[in-house]
Structures are given as C-alpha cells and as structure tokens.
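Student: no sequence on this one, just coordinates:
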C-alpha cells in the first residue's frame, strides 16, 4: 500500500467532527405554522476510518419518541457524502450530498412517503467544534411540509 492509498480524504476527515456525545435541542415547524419543541441526545463514533456512526434519541412534544441510526461516509468514486439513515418509524433513506465548505454539508433524499413523492433537504453547519446546527426540511408535491431545526451541543469528545 502506498501512503496515498491510506490517506483519508478531507471530506471523511470533516465528518469526524461529529464524534462525541451531544445534547440536542429541537424545534419543529409545520406548514400551518405550528411549532413544537423537544430535546434529545446523540452519540457518534468513528467506524475504522470508514466514516461515522451516530445514534440519536429524541422527544418532541405531542409526538412519539424518535430514534435514528445514521452511517455517515464519503464515496471517493462519486465525490459524494452519504448518510444512510434508519429510523424508529421504519424508514431507510440514503441522503446524498457535498461539502459546500469546511463547515457546511448539504444533503438530499428523494423518494416516496405515505404514497406521496417526498423530498428531504438537510443543511448541517458546524458553528464551532462544540456546536452544530442542522436544518431538515421536508417537501411533498413541491410544497414545504415541515422543517425541523436541531442544535447540537457537545458534552464530551
């Protein structure tokens, strides 16, 4: 193996900023302007220089508790970041995107949900090594269905 073959891509190194224990604040806004708040926690660990595995447990007032497991990785062949998500609601999505800059990751998923076309757009912004903001917007039939804003604050490295 050459040194070049074992050097990690910059995009994968940037994903490692997720590693640690995080407290999560949540605000969800529906298309009819109703707002619900919640909280949770996330744990993210490195996967043998292949990516990051994160688990998030959340509670939003008026909704069932929510669990999600995400595998964050970088595909060298396509130059794209993939976040493969499995949720407590039985969804499995492959979000695909790119780094806009060293602190902003943009991801998209498109598919069907409850027999309707659905699109999910995610923007992850690292404000510092100890704080991340994530905005997740869902669209159906071209209209904004709801948006969930998360604020992650690191508890440990």
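Tutor: Nice, thanks for sending it over. For clarity, every value in this text was computed on a predicted model and none was experimentally measured.

Student: Is residue 12 in contact with residue 79, as I believe?
Tutor: No. Taking contacts as C-beta atoms under 8 Å, residue 12 lies outside contact range of residue 79: 11.7 Å. Where C-beta positions appear, they are placed from N, C-alpha and C, glycine not excepted.

Student: More neighbours: which of these two?
Tutor: Shown here are residue 12 and residue 79; by other C-beta atoms under 10 Å, residue 12 has more neighbours (18 against 11).

Student: Any regions of this protein where pLDDT drops low?
Tutor: 1-6, 156-157 (pLDDT under 70).

Student: so where do the strands sit in it?
Tutor: 20-30, 35-46, 52-60, 66-75, 80-87, 92-101, 104-113, 116-128, 131-140, 143-156 (DSSP state E).

Student: Make JSON lines from the ones you listed and add mean neighbour count and distance to residue 7 to it.
Tutor: As requested, those are exported to JSON lines (neighbours: other C-beta atoms under 10 Å; distance: least, C-beta to C-beta, whole Å):
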{"stretch": "strand 20-30", "mean neighbour count": "17", "distance to residue 7": "24"}
{"stretch": "strand 35-46", "mean neighbour count": "16", "distance to residue 7": "16"}
{"stretch": "strand 52-60", "mean neighbour count": "18", "distance to residue 7": "18"}
{"stretch": "strand 66-75", "mean neighbour count": "18", "distance to residue 7": "13"}
{"stretch": "strand 80-87", "mean neighbour count": "18", "distance to residue 7": "18"}
{"stretch": "strand 92-101", "mean neighbour count": "15", "distance to residue 7": "17"}
{"stretch": "strand 104-113", "mean neighbour count": "16", "distance to residue 7": "21"}
{"stretch": "strand 116-128", "mean neighbour count": "16", "distance to residue 7": "22"}
{"stretch": "strand 131-140", "mean neighbour count": "16", "distance to residue 7": "26"}
{"stretch": "strand 143-156", "mean neighbour count": "16", "distance to residue 7": "27"}
